[in-house]
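In: only the shape, not the letters, is given here:
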């Protein structure tokens with residue numbers, strides 16, 4: 001089953017890291033990505049630029065409206081994701097629990113809806 005791990009945290013806390021702390025954090029994320037690859041779970045994963053670089057698009061009455069920033073103001077922001085293929089939700093939970101999100105981050109796990117060639121959800 002494919003799952004997406006949506007990684008949330010307070011992006012305002014990231015800018016205060018020293019170069020040493022940043023290097024340590026990047027090593028932890030690299031190690032975590034390697035863990036997913038070693039387990040055969042890893043399909044994709046990317047970090048996202050901060051929300052101040054986001055653009056929200058809405059179409060209302062046929063008119064496209066763009067807004068700078070994220071869709072909603074929240075305490076935690078989406079910072080990245082991993083797309084994985086795990087045999088079960090239990091294994092996905094176990095894998096996501098190893099993610100180095102710190103004491104203030106969180107991971108939302110969502111099953112990915114796959115479709116067959118006719119556009120029907122596949123099971």
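Out: Happy to help now that I have it. Small disclaimer: the values here were computed from a predicted structure and weren't measured.
In: run through the bridge partners of the residue positioned nearest the centre of the chain.
Out: The centroid of the chain falls nearest to residue 81 when counting by Cα atoms, centre = their mean (2.1 Å). Beta-bridge pairing for residue 81 (DSSP bridges): residue 6, residue 46.
In: tell me who's in contact with it.
Out: Residue 81 is in contact with 4, 5, 6, 7, 45, 46, 48, counting by Cβ atoms under 8 Å, 6 or more residues apart in numbering. Using the backbone N, CA and C atoms, a C-beta is placed for each residue, glycine as well.
In: all helices of this protein, in order?
Out: 19-39, 89-96 (DSSP state H).
In: tally of neighbours for residue 91?
Out: Neighbours of residue 91 under the rule other Cβ atoms under 10 Å: 15.
In: could I get the average pLDDT for stretch 23-30?
Out: Averaged across stretch 23-30, pLDDT comes to 94.
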